[in-house]
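Engineer: below: sequence and its predicted model.
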Amino acid sequence: ALESPGRQSKSASYQLQNWHVTFPRAAAFLKPFGMVVNLIIGSCIYQTKKSSWWVSFGLFAFMGPFTVVFIGPTNDKLMSLKEGDDGDEKKAAPLVAGWEKLHAVRTYVSVVGFMAAIASMVMDIKN
């Protein structure tokens, strides 16, 4: 959401090059991070037996299938494009723009999931 305006103001060539550098690193970090987050939230469900934690768990769990079904095909297309190929570089900009919209959904779901986890924690402390 925050990176989109900056990236969209650059050339298609830059967008593709940036994608090829950034995406593999981000995916390598964020996939296991998401799994660990849900393991932690799952342990909160187990330890507290409070149903409020299921909201956060569900929101974070939603991101796996959402990514595979909606974002994955765009990731694959972008990774298959070749830097320096004019035709591929022209294809990059609309794909990056579409990816950024999908990524914004995932970002907002993450924020709401985090807020739900904080709310569950606060409710547990008060009880």
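Structural biologist: Arrived safely, thanks for sending. Numbering: from 1, shown residues only.
Engineer: tell me, please, the helix or strand in the chain that averages the lowest pLDDT.
Structural biologist: The weakest-scoring helix or strand in the chain, judged by mean pLDDT, DSSP states H and E, is helix 3-8 (a mean of 60).
Engineer: contacting residues for the residue minimising distance to the centre of the chain?
Structural biologist: Using CA atoms, centre = their mean, the residue of the chain that lies closest to the mean C-alpha position is R106, 4.7 Å off. Counting by CB atoms under 8 Å, 6 or more residues apart in numbering, R106 touches M63, F66, T67, I71. Bear in mind the C-beta positions are built from the backbone N, C-alpha and C, glycine included.
Engineer: adding pLDDT, secondary structure and neighbour count, write those residues out as TSV.
Structural biologist: Listed next are the contacts of R106 as TSV, based on pLDDT from 0 to 100; DSSP: H, G, I helix; E, B strand; the rest coil; neighbours: other CB atoms under 10 Å:
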residue	pLDDT	secondary structure	neighbour count
M63	91	helix	20
F66	95	helix	15
T67	92	helix	18
I71	94	helix	17
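Engineer: so which of these is the closest to T22?
Structural biologist: Nearest to T22 among these: I71, at 14.2 Å, using CB to CB.
Engineer: quick check: buried residues in the helix or strand containing G34?
Structural biologist: Assigned by DSSP states H and E, G34 falls within helix 12-48. Residues 12-13, 15-19, 34, 37-38, 41, 44-45 are the ones in helix 12-48 that count as buried (16 or more other CB atoms under 10 Å).
Engineer: between these, which is closest to A93?
Structural biologist: Each of the buried residues of helix 12-48 was checked against A93 using CB to CB; the closest is A12, at 4.3 Å.
Engineer: right, and the closest one touches A93 too?
Structural biologist: Yes: using CB atoms under 8 Å, A12 is in contact with A93, at 4.3 Å.
Engineer: what sits in contact with each of the two?
Structural biologist: Common neighbours of A12 and A93 (CB under 8 Å, 6+ apart) do not exist.
Engineer: rewinding a little: okay if I get the contacts of R106 as CSV plus distance to S80?
Structural biologist: Shown next, in CSV, are the contacts of R106 (distance: CB to CB, whole Å):
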residue, distance to S80
M63, 23
F66, 21
T67, 18
I71, 15
